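Participant: Let me see the structure of the following:
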Amino acid sequence: MGDMASTSTRMLRLLSLLQTHGYWPGTELADRLGVSVRTLCRDVDFRRARTG
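Facilitator: I've put the predicted structure just below:
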């Protein structure tokens, strides 16, 4: 359950960052979220799959 909570928290932080700035380099977003670029990409892909 901890992993899902951290993913949810990270997604909320990601959405917040995207609202403040329309464009962010992936490396900078990953740094701000404290994850690898690969994890960031997985999160974004997961979100896209859920919203259709």
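Participant: contacts, neighbours, all on C-alpha from now
Facilitator: Will do.
Participant: so where's the chain uncertain?
Facilitator: 1-5, 52 (pLDDT under 70).
Participant: let's see it at 80
Facilitator: In the predicted model of the chain, residues 1-5, 22, 51-52 satisfy pLDDT under 80.
Participant: Mind naming the longest helix for it?
Facilitator: Ranked by residue count, the top helix of the chain under DSSP state H comes out as helix 2-20.
Participant: Tell me the buried residues in that helix?
Facilitator: Residues 10-11, 14, 17 are the ones in helix 2-20 that count as buried (16 or more other Cα atoms under 10 Å).
Participant: same check, this time on stretch 17-30
Facilitator: Buried residues in stretch 17-30 (16+ other Cα under 10 Å): 17, 29-30.
Participant: rewinding a little: out of the buried residues of helix 2-20, flag the one nearest to Thr51.
Facilitator: Using Cα to Cα, Met11 comes nearest to Thr51 of these, at 13.3 Å.
Participant: quick one: that closest one and Asp43 touch, right?
Facilitator: Yes: Met11 lies in contact with Asp43 (Cα atoms under 8 Å); the separation is 7.3 Å.
Participant: May I see the buried residues of stretch 17-30 organised as a markdown table, with distance to Ser6 added?
Facilitator: Compiled in a markdown table, those are given as follows (distance: Cα to Cα, whole Å):
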| residue | distance to Ser6 |
| --- | --- |
| Leu17 | 16 |
| Leu29 | 16 |
| Ala30 | 14 |
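Participant: State the distance from Pro25 to Arg50.
Facilitator: Going from Pro25 to Arg50 by Cα to Cα, to the nearest Å gives 23 Å.
Participant: cool, and Thr20?
Facilitator: Applying Cα to Cα, the value for Thr20 to Arg50 is 23 Å.
Participant: Same check on Leu14?
Facilitator: Counting by Cα to Cα, the gap from Leu14 to Arg50 is 16 Å.
Participant: same check, this time on Leu18
Facilitator: 18 Å.
Participant: And for Arg10, nearest residue in space, chain neighbours not counted?
Facilitator: In space, and not counting its chain neighbours, Arg10 is closest to Leu33: 6.7 Å by Cα to Cα, 6 or more residues apart in numbering.
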